[in-house]
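Student: Turn this into a model:
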Amino acid sequence: MRYVDFPETVRGVTVPNDDGTFDIYISRRLSPAGQRACLEHEIRHIMENHFYSEDEVENLERAADGEAVPKPASPPAPSIPYFPSLGALARRLPQ
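Tutor: Numbering: from 1, shown residues only. Down below sits the predicted model:
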């Protein structure tokens, strides 16, 4: 973790590394309490695997803030056809 001089609109950033570790950057402009809250936010991103999620960024940010965010609906599982006999299978094949 490093403290850096970010613009006022940026509180913190986490960057995933190729080796599976993360670098966390926190704004020096924040109060000590603000820095701690930002660090907790960034750690939630890591703990909840947000860097490997396809969810909307807004939902990931809300989740990292500790808000309850509904999980995206999973697509229905593909159905596997069942044929009780070879004759039933043969009737489904193109002629």
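Student: Distance of Ile24 relative to Val4?
Tutor: As judged by Cβ to Cβ, to the nearest Å, Ile24 and Val4 stand 10 Å apart. Heads up, the C-betas are built off the backbone N, CA and C, glycines and all.
Student: and if you look at Pro16?
Tutor: Using Cβ to Cβ, Pro16 is found at 17 Å from Val4.
Student: pretty sure Glu42 contacts Val10?
Tutor: No - between Glu42 and Val10 there is no contact under Cβ atoms under 8 Å: 11.9 Å.
Student: Of the two, which one has the most company?
Tutor: Higher neighbour count among Glu42 and Val10: Glu42, with 22 against 14, using other Cβ atoms under 10 Å.
Student: pull the helix or strand with minimum mean pLDDT from this structure.
Tutor: Least confident helix or strand of the chain, by mean pLDDT, DSSP states H and E, is helix 86-92 with a mean of 80.
Student: Distance from the chain centre to that helix, please.
Tutor: Counting by Cα atoms, centre = their mean, to the nearest Å, helix 86-92 is centred 45 Å from the centre of its parent chain.
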